[in-house]
Structures are given as C-alpha cells and as structure tokens.
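Visitor: Okay, predicted coordinates and the sequence, questions at the end:
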Amino acid sequence: AMSLADIEAQEAAMNSEVMAMDLGSDLADMDINVEEIDFNEVDDDLKKFQEDEIVKDALQRGVDLGDYARQIETELKRTEKDSVSDYLKESGDVADLHMSIKSCDSVLERMEHMLTKFQADLGKVSSEIKHLQDKSMLMRVKLKNRKSVHKDLDHYVRSIYVSPKLIQSIYEAEIKDQYIEHLKELDSKLRHLQDLKNTKKLDQAAKDMLPLVQRAQVKAVSRIRQFLLQRIYLLKKPQTNIQIKQNLLLRFNYLYQFCKIHDREVSEEIRTIYIETIHKIYSQHFKQYLVSLMKLQAASVVTKADLLGVDEAKSGGMFSLRKSSLHLERVFMLGNRNAILSNIDKPPIIYHSAAKRNHKFPYQEIFRTTHRLLMDTATTETAFVGEFFSDGKDAKVTAKKEQITFESIFGKITQLFIENLEHYLNKSYDCLEILILIRVVTLHTQMMRHRQTECLDPFFDRINMLLWPRFKVILDAHLASVKSVKANSVRRGTTTPFFLAHRYGEFASGIDALNKDYNDAIITSNMGRLRDTVCDLLERMANCIGDKTMSVVFLINNYDSILKVFDDKNLDSETAKDVKGRMHGHVAKYVEAGLQEKFSKLITFVRAAEKKVNDALESKKPLPSLDLESAAEIVRTFAKHWQRNVQQIDTQVSNHFGSDSATTPPGTTYKAPEILRQILIQLVLYYQRLQAVIKKCYGRRQPGFMKELIPNSTIMHEIKKYTSA
C-alpha cells in the first residue's frame, strides 16, 4: 500500500507535468508572423537602438551587429531554458499555493453566507426600529396636544373659578395690604368674564360663575366706599396732620382705582366727598392763619400825602400834625426791606410763637409767609390728587382734570388771598413795598416751576394784575407831585440842595435796586419819565436863583445829593449814569466860570489865538502874527497875581461846596478839593496852550517875554498843596 507521502509526491509530480505541458503549449502559441511586421516603424526602432547605451557601445567598438544579434539570441534561449528549469523545480510550491488559495476561497464563501444572513437579520431589526420611531413620534404629538389642551383648560378654569377662600376674604377680611391682593385677583376674574360676555363666548361654567363674581364685586365696592370715607372723615379731626393721613390713603390707592373701574358712581362720590372735606379744612385753616397774621401787621408809615413833591412845611392839615422832613425822607428809603427777597425760602411765620413775643411784621413779610404756606399746601395736595385720583389717560386730559380739582379745593382760598390783597392795596401808598410784593410773586412763580407745579399760575397772574396797576397809580402820583412843585419856591441865592433831591435819590435808588436783576421795561420807562421831570424842575429852579454861578452850584449840589445815595448802595443804574452826566456837565461850567472870573484875559487870548491858527491851517495860509503886547501883559500879570488868584478860587470853592464835612452842604459829597483840582488842572492846560500857540506862530524866534513864564513844574507843585490839603 502506498503511504500518504507517496501519494502527495505522485500528485505533485503530476501537477508539475501538467504545468510543464501548459507552459509548452503557451510557448507554441507564440508564433511570430513576419507579415505582421510594420516596416514603417523600423526607423524609429533604429533610433531607439542607437540611443541605447549597450548598442551605442557596441557600435563604437565596431562589433558586427549580426553576430552580436545572434549572440544575444543564443543567450536568450539559454536564459529561457534556465527559467523553465527553475519553474519546474518550484512547481511543488506553486501547487501548494494553489491548494491554499482554494481553501481560502471556501472559507470566504462561508463567511459571505454568514454575513448575508446577518444583513438580512439587521434589515428586520431596522424595520422594527423605524416602526417604533413612528409610534414614538405619534405618541409625542399626542402628549404635546394633551399638554396644550391641559394648559389652556387650566388657564381658563383658573380665570373663571372663584375659590370659597377668595369669596370669604372679600366679604370678611380686614382691609389691609393683603386685601388689595384679593381685590386684584377678583378684578382679574371680573375682567375675563366680562370679556367672554362681550365676545359671546360664555360657556355654562362661566355662566355659573358670573353671578357669584358680580356679587363679590358689589360687596367689595361697598366695603371700599365705607373704608375710604372713614379715612376721609378722619381728616376733619382737630390738629390732624393732613399729609400723614394722605400718605396712609395712598397706601390704599388701588381701592379707589377698583371702584373707578367697576362702579363709576361710587368713585365719583368718594372724589366729591374728599374735595368738599379738604376744601373746608383748608379754607378754615387759611382764613384763621391769615386773620391771625394780619393782627401782627406793623402799622404803615406811608400815607396818601407822602409824595416826592410834598414840602414838609406844607404837610399836615386841620386835623393832622405836620410831618417832619426826616419822616418824609424815610418813607422813600428802601433800607433793608429788600432782604426778604434773599430770604424767600424762609419758613412761614408760626403765629403763636410770634404773638407770644409780640412781634410785628410789615405786610410784605405777611404776604410772603402766607403765600409760601399756600404754595407748600398746593404742591403737596396737587401731588396727592394726581397720584390718588389719577385716570392714567392722556396727559392733557389728566392735567385739565387735576386743574379742575385744584380749583374746586383752592378756588375760594385763593379768592380770600385776593380780597386780602385788594384791601391792603386800597390803603397802600408805598411804591417800594408794592414793587417788593411784585418781586416776591416772581420768585414764588419760579419756585413753583422748579417744583414742576403750575397749578398756582392763574392765581399769580391775578396777583400781578392787582399789583402792577397800583404801582403805576402811585408812581404817577409821585410824578404829578413833582410837576406841581413851583420853580420859584426856592430861595434866591441859595445853593443848598432842594428837599426833593435826596428824596428822589432814595426813591429812585430803591426802585433801581429792586429792578437790578429784572430790567422791567415798564419800570425803566416810568423811572425815565420821573428822572427827566425831577431834573427839569431842578434846572428851572436854578434859573430862579439869579446868579449864574450860584445856579450852577445849586445844580451840582442837588445832583451830588442824588448820586450820594446811589454811591452808598453801589448802584450803577441808568438813572445814576444820567444824573452823573448832568452833574459833570455843570461842574465843567463851574470850572470855566471860576477861571473866567480870575483869568479872563488869558482864556480869551488863548481861544482867539488858537482860532486864528486853526483857520490859517485849514485855508493853508501862513501862520498869523499875534498881539505880542497883549501876550506879554498876560504873561506878566499871570506871573504877578496867579498865586493870589488861586487862593481866592480856593476860598470861593470852599464857600460854595465846603472843604470838610462840617462845611459841606447837607446831602452833598462832591468835595471842594475835587472841584478845585479840576479848576487848577484846567488853568494849567490854558497856560500850556498859551505857550504852545506862541511857539507854533514864532518857532525859534521866541518873544522876549517868554523868559518871564512861570515854569509848569512850579505851578504843579503849588496845585498839589491845595489838592492834598
């Protein structure tokens, strides 16, 4: 018997023979057909052979290509046989490889079958998963729909369902902060049910709930009405702090808003009762306060007869005493009365405290304090009414309604103030005090606008309509009194300021001080008329004095008396500037008159000589010759008498204006040294002009008398003695 090894060896040999036979048949099939050769490609092949390194080397060595080709062919055949022999030697390994490949194919076929079956199983699982996904999606949609329906249904049920606890709270719970929350919940359900009713969407459940909610609404409105009216009636209690009670009412503002939404009549009733109650309270308080403060009013010292143009010698009458000049000056003085404008924010007067100390107040202070109290009360009341009774509608409509409410509360109170002011104005003749009242009203108006509260604007307008006409009437009375003064009422030869000058200075400076930061055109215009009238009267009086020099002195002293008041108050108003200009003009006249009296020839010669020179220059003619004899006489006379003349001028100025406070006319401040200084300076200027005009006409050919001129330094040194005395 053959062994397994023999069988395998025999099988390998057979396989080798088979493979050899197959290889031989393959070689046999490789028949080269000469006819198939394409000789067109021979040239290309030759080029390739020539480029080949081996062929190129053979050609260079001169090798015979035929022999070389045969040699190559022989080597190829030998190589082919060696290759076949090597293949036959390895045929066993090739057979083993063939068997291994077949075995692998079988394994792979089984794997393919298993994978195909697994793929089919996966397909079934995927189909089941897709079915489950579709089923899950459907369940999710159903759940979402059910949740949505549950949410809407829950919201609907909650919006119409009224719990027994809520009903019990509305009926029985004490009205506190928590009660407001119950009302808000009830209001929400009422609104929703009313909307359903209006849109005709009431179902049976809503229809069942509607009567229950409406009964709760009626009960809530009834309890709110009772609660708010009790709080309002508490305001009537004596010594009640109204603002604190109002703050407590504001905590329950929603109660009124609930009534206004669900029962308009009850809300209007509450509003009306509040307005009537608070009006009575405020009316009583303000009337009592105003009457009490009027008891503390200081007596007015200004009467109808206290006018600028009234002479104290003619004041008084059959049944009245003659008024002193001091009194008639004080009534026109502003003093510190305008301090009230700087203390406009001062708290109101406390009557009991002031009465206990027996304090007296001018009307302007009573006016300020009562108006301040009215402003503070109106501000807090307007804020309360705007917040508590707010409609929340259009701003213009709300503002109009608030103004109507304010008029209902404060209308008669403001009328009380108007009547009090009218009573005062009928007996008031103090122009300065009335202007102070006007300024107080202006500042109060600004304060209210700063508070963004304009409820008192109509009241302030009415006050101004009373004050301004009265101010104009009194001012016109002063103007008429000035016009009534006769120019010849002044004594001839007098230089003392007229009584009107100081009065006018005090009055005008007071008006200008009160108009300083306002620049009212009405005041400026009227004060201009008064100023022109006063100055015109003084000018006419000066003409009645007789002597021209004394007339000028009279005017200087009067204008200086007026300016002294303005200087003391540090006022640089239009009135002060105008009067100062007038006075400086008359001072210039006095200076010229004083020099003309003592140095008339010098002044006349200088003016005439300068005129000749100017005329010659304008007509382009030669400079004229001067009267040298007159010039020499003037120079010599000046050198001889100038010191004596200056001394005489000093004495005259001192007599007219006084050199110190003891000799200065009453009410004047323009001292004699100032007048004398201007006279002497003008004298030096005339003397220098004399020298200049002579030098211009004669150049270097100076007349001999020029050596007799007094040096300017000597004159200036002498002037300093007088001006520094």
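Guide: It's in.

Visitor: Please count neighbours and contacts with C-alpha atoms only from this point.
Guide: Will do.

Visitor: Next, count neighbours for Gly123.
Guide: 12 (other C-alpha atoms under 10 Å).

Visitor: State the distance from it to Arg110.
Guide: Distance, Gly123 to Arg110, by C-alpha to C-alpha, to the nearest Å: 20 Å.

Visitor: Let me know the pLDDT of the residue lying closest to Ile242 once chain neighbours are set aside.
Guide: Distance criterion C-alpha to C-alpha, 6 or more residues apart in numbering; nearest residue to Ile242, sequence neighbours excluded, is Leu235 at 6.2 Å. Confidence at Leu235, expressed as pLDDT, is 88.

Visitor: pretty sure Leu235 is in contact with Lys245, am I right?
Guide: Yes - look at Leu235 against Lys245 with C-alpha atoms under 8 Å: they come within range, at 7.0 Å.

Visitor: Compare those two and say which one has the larger neighbour count.
Guide: Each of Leu235 and Lys245 has its neighbours counted (other C-alpha under 10 Å); Leu235 has more, 20 against 14.

Visitor: Quick one: residues contacting Ala299.
Guide: Residues near Ala299 by C-alpha atoms under 8 Å, 6 or more residues apart in numbering: Pro362.

Visitor: Need the phi and psi values for Ser619.
Guide: With angles defined as degrees, to the nearest 10, Ser619 sits at phi -90, psi 0.

Visitor: Next, work out how far apart it and Gly699 are.
Guide: Ser619 is 20 Å from Gly699, by C-alpha to C-alpha.

Visitor: quick one, helices of the stretch 1-150 of the chain?
Guide: With DSSP state H, counting those that start in this stretch as the criterion, the stretch 1-150 of the chain has helices at 4-29, 42-51, 53-61, 65-89, 91-160.

Visitor: And these, which one averages the lowest pLDDT?
Guide: helix 4-29 (a mean of 51).

Visitor: Which stretches in the stretch 301-450 of the chain count as helices?
Guide: 325-330, 339-342, 351-356, 363-388, 395-426, 431-450.

Visitor: Spatially, what comes nearest to Lys516 if we skip its sequence neighbours?
Guide: Ser573 (7.8 Å).

Visitor: Could you verify my assumption that that neighbour touches Asp512?
Guide: Yes - applying C-alpha under 8 Å, one finds Ser573 in contact with Asp512, separated by 6.6 Å.

Visitor: sorry, back to before: is it possible to get JSON lines of the helices of the stretch 301-450 of the chain that adds mean neighbour count and distance to Leu555?
Guide: Formatted as JSON lines, the helices of the stretch 301-450 of the chain follow (neighbours: other C-alpha atoms under 10 Å; distance: least, C-alpha to C-alpha, whole Å):
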{"stretch": "helix 325-330", "mean neighbour count": "16", "distance to Leu555": "20"}
{"stretch": "helix 339-342", "mean neighbour count": "13", "distance to Leu555": "34"}
{"stretch": "helix 351-356", "mean neighbour count": "12", "distance to Leu555": "49"}
{"stretch": "helix 363-388", "mean neighbour count": "18", "distance to Leu555": "37"}
{"stretch": "helix 395-426", "mean neighbour count": "16", "distance to Leu555": "37"}
{"stretch": "helix 431-450", "mean neighbour count": "19", "distance to Leu555": "27"}
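
Visitor: what's the closest of those helices to Ser561?
Guide: helix 325-330 (12.9 Å; C-alpha to C-alpha).

Visitor: pLDDT (mean, whole number) over the closest one?
Guide: For helix 325-330, the mean per-residue pLDDT is 64.

Visitor: Please apply the same query to stretch 704-714.
Guide: pLDDT averaged over stretch 704-714 gives 83.

Visitor: got the buried residues for it?
Guide: Ile710 (16 or more other C-alpha atoms under 10 Å).

Visitor: Off-centre distance for that stretch?
Guide: 71 Å (C-alpha atoms, centre = their mean, to the nearest Å).

Visitor: Show which residues not belonging to it make contact with it.
Guide: Contacts of stretch 704-714 (C-alpha under 8 Å, 6+ apart): Ala632, Val635, Arg636, Ala639, Val684, Gln688.

Visitor: Counting neighbours, go ahead and name the busier of Ser573 and Asp512.
Guide: With neighbours defined as other C-alpha under 10 Å, Ser573 and Asp512 compare such that Asp512 has more, 23 against 15.

Visitor: tell me which element the more buried one is part of?
Guide: Asp512 belongs to helix 499-514 when assigned by DSSP states H and E.

Visitor: Walking through the stretch 451-600 of the chain, point out its helices one by one.
Guide: Under DSSP H, counting those that start in this stretch, the stretch 451-600 of the chain gives helices at 457-484, 499-514, 521-543, 548-568, 574-598, 600-618.

Visitor: With mean pLDDT and distance to Gln288 added, can I get those helices in a markdown table?
Guide: Output for the helices of the stretch 451-600 of the chain, formatted as a markdown table (pLDDT from 0 to 100; distance: least, C-alpha to C-alpha, whole Å):
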| stretch | mean pLDDT | distance to Gln288 |
| --- | --- | --- |
| helix 457-484 | 94 | 20 |
| helix 499-514 | 92 | 32 |
| helix 521-543 | 92 | 36 |
| helix 548-568 | 90 | 42 |
| helix 574-598 | 90 | 44 |
| helix 600-618 | 88 | 78 |
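
Visitor: Could I get those in a markdown table, plus columns for distance to Lys77?
Guide: What follows is the helices of the stretch 451-600 of the chain, written out as a markdown table (distance: least, C-alpha to C-alpha, whole Å):
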| stretch | distance to Lys77 |
| --- | --- |
| helix 457-484 | 136 |
| helix 499-514 | 144 |
| helix 521-543 | 141 |
| helix 548-568 | 149 |
| helix 574-598 | 145 |
| helix 600-618 | 150 |
